[in-house]
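Enquirer: Fold the following, please.
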Amino acid sequence: MRNHTLLLLVLAPLTVAACRGTAEPAAAASSPPAERRVDVAAVTVGLSDVESTLQLSGNLVPDTRVAVMATLPGTLSRVAVDIGDRVRTGQVVAALDQREIDAQVDAAAAAVNVAQACLEAAEAALANALVEHERAQNLFDRGAVPRQRLDAADTARRATGAQRDLARASVAQADAALRRARELQRDATLTSPITGVVVERNYDAGSRVSPGDKAVVVVADLSAMKLQAGVSELEAGRLRVGLPARVTAQARPGETFDGRVTAIAPEVDAKNRHFRVEVRVANPRRVLLSGMYGAAAIPTARAVQVVAAPREAIASRAGQRVALRIERDTLREVVVSEGLTDGRLVQIASGLQAGDVIVSDARQDVAAGTRVNPVFAR
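Expert: Numbers count the residues shown, from 1 in each chain. You can find the predicted model right below:
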């Protein structure tokens, strides 16, 4: 009996240990493995103003640019300005040697004096002929002189009248020649027709110039510039004269200038099938220079406080525009319809609501139904 008791005492711990060894692995095998999730960048859909804009780019040129050219042949006696000089309206920029022209003016003035003297003599002769004709008429009426005397007086009156008319014409001709000579004298002095900055100087003193040659100097008004660009037929249909524009220049990073559409060509350029558009830009500080490369953003439509999402959050899948919405940590494809876009945000007309959490870049290769961890940018 004692031996049986000892055997039971020895076997009991072994039995318990054996039971524990088989029970614990079974319990571990029954618990499910942890599910793997994918980290995705996410964003919350919100309300925002969305403005659709048309982007243009091209060269900036002065709104007013005038070439000052010689209108008569001659030799430049001086060029009074250089590139970069500011000039006012009417300021002398160059002058031709006008000694010959001055002599022509003096000769024309003398011719006027001669013609005027001839006119005075003709008028005196006419006055005398009129008196003689009147006297002959009185004498003839009284029978004191024959008809021949009256006819002679009448012929003399008409002849002196013609001489007076010829003298008047000579005076008018001399006056015209004097005016022309004085115009040439004025044309020998070249002045700026606008207030601006000299952007070109092509000749020095002593150069021979003629009409049709290059401009002596070119003056530009830099207080206003214009951006010249070309747009397609569809883009031209969205524009109209008077639309505001925000203009930037590569040479002035971080600065924005106010502009306005001032001209849209009524016909297409046959070379590139583009319509020419001009945007006038205020440049009061003269920081924009001729030839700079610029870009203009022209608002064409605006939606206020609408559901909007980042443009990259919408992608094409199976011929539809979709967003990847995160619902209880699971991705779901949602078909959306889009409205306006400003290049960064896109208006969501249907499919999403403010507060929805979506993948910020729908181009990622993540399938619908995937369990994810949304990661929000700080």
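Enquirer: so where do the helices sit in the chain?
Expert: 2-30, 99-142, 147-187, 233-236 (DSSP state H).
Enquirer: Can you spell out which helices and strands pack onto the third one?
Expert: Right, the one you point to is helix 147-187. Taking 3 or more C-beta pairs under 8 Å, 6 or more residues apart in numbering; DSSP states H and E as contact, the helices and strands that helix 147-187 lies on are helix 99-142. For glycine as for every other residue, the C-beta is placed from the backbone atoms N, C-alpha and C.
Enquirer: Report the mean per-residue pLDDT for the helix it packs on.
Expert: The average pLDDT within helix 99-142 is 92.
Enquirer: Could you give the separation of that helix from the chain centroid?
Expert: For helix 99-142, the separation from the chain centroid amounts to 63 Å (computed by C-alpha atoms, centre = their mean, to the nearest Å).
Enquirer: related to what we said a few turns ago, would you mind putting the helices of the chain into JSON lines with distance to Asp213 and mean neighbour count alongside?
Expert: Compiled in JSON lines, the helices of the chain are given as follows (distance: least, C-beta to C-beta, whole Å; neighbours: other C-beta atoms under 10 Å):
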{"stretch": "helix 2-30", "distance to Asp213": "101", "mean neighbour count": "9"}
{"stretch": "helix 99-142", "distance to Asp213": "18", "mean neighbour count": "15"}
{"stretch": "helix 147-187", "distance to Asp213": "14", "mean neighbour count": "16"}
{"stretch": "helix 233-236", "distance to Asp213": "38", "mean neighbour count": "14"}
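Enquirer: out of the ones you listed, which comes closest to Gly196?
Expert: Taking C-beta to C-beta as the criterion, helix 147-187 is the member of these that comes nearest to Gly196, at 21.1 Å.
Enquirer: tell me the mean pLDDT over the closest one?
Expert: For helix 147-187, mean pLDDT rounds to 92.
Enquirer: quick one: it to helix 99-142, angle?
Expert: Taking axes from the mean of the first three to the mean of the last three C-alpha atoms, to 10 degrees, one finds helix 147-187 and helix 99-142 inclined to each other by 160 degrees.
Enquirer: Can you say which of the helices of the chain is nearest to Gly291?
Expert: Relative to Gly291, the nearest member of the helices of the chain by C-beta to C-beta is helix 233-236, separated by 24.3 Å.
Enquirer: just checking, what packs against the closest one?
Expert: Packed against helix 233-236, as judged by 3+ C-beta pairs under 8 Å, 6+ apart, are the following elements: strand 275-282.
Enquirer: Please identify the buried residues of the strand it packs on?
Expert: By 16 or more other C-beta atoms under 10 Å, the buried positions in strand 275-282 come out as 275-281.
Enquirer: Can you lay out the helices of the chain as a markdown table showing distance to Asp258?
Expert: Compiled in a markdown table, the helices of the chain are given as follows (distance: least, C-beta to C-beta, whole Å):
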| stretch | distance to Asp258 |
| --- | --- |
| helix 2-30 | 73 |
| helix 99-142 | 48 |
| helix 147-187 | 40 |
| helix 233-236 | 21 |
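Enquirer: which strand of this protein spans the most residues?
Expert: Under DSSP state E, the strand in the chain containing the largest number of residues is strand 46-68.
Enquirer: Off-centre distance for that one?
Expert: The offset between the C-alpha centroid of strand 46-68 and the centroid of the whole chain comes to 6 Å, using C-alpha atoms, centre = their mean.
Enquirer: Can you give me the pLDDT of the nearest residue to Gly46 once chain neighbours are set aside?
Expert: Closest residue to Gly46 apart from its sequence neighbours, by C-beta to C-beta, 6 or more residues apart in numbering: Ala354 at 5.5 Å. Reported pLDDT at Ala354 in the predicted model: 94.
Enquirer: Domain map for the chain?
Expert: Per the record's domain assignment (automatic domain parsing), the chain is made up of the domains 41-52+303-376, 70-96+188-215, 98-186, 221-302.
Enquirer: related to what we said a few turns ago, and the longest strand of the chain, what other elements does it pack with?
Expert: Helices and strands touching strand 46-68, by 3+ C-beta pairs under 8 Å, 6+ apart, are strand 196-201, strand 217-231, strand 275-282, strand 293-310, strand 337-341, strand 345-350.
Enquirer: tell me the mean pLDDT over the fourth one?
Expert: This points to strand 293-310. Averaging pLDDT along strand 293-310 yields 92.
Enquirer: Residue numbering should commence at 38 henceforth.
Expert: Sure, I'll start numbering at 38, so the last one becomes strand 330-347.
Enquirer: Just list what that strand packs against, helices and strands only.
Expert: strand 83-105, strand 254-268, strand 281-286, strand 312-319, strand 374-378, strand 382-387.
Enquirer: Tabulate those strands in JSON lines, adding columns for distance to Ala209.
Expert: Rendered in JSON lines, the data for the helices and strands packed on strand 330-347 read as follows (distance: least, C-beta to C-beta, whole Å):
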{"stretch": "strand 83-105", "distance to Ala209": "33"}
{"stretch": "strand 254-268", "distance to Ala209": "38"}
{"stretch": "strand 281-286", "distance to Ala209": "56"}
{"stretch": "strand 312-319", "distance to Ala209": "48"}
{"stretch": "strand 374-378", "distance to Ala209": "71"}
{"stretch": "strand 382-387", "distance to Ala209": "76"}
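Enquirer: right, and Ile301 touches Glu272 too?
Expert: No - under the criterion of C-beta atoms under 8 Å, Ile301 is not in contact with Glu272, lying 10.4 Å apart.
Enquirer: Show me the common contact partners of those two, please.
Expert: The overlap between the contact sets of Ile301 and Glu272 (C-beta atoms under 8 Å, 6 or more residues apart in numbering) is empty.
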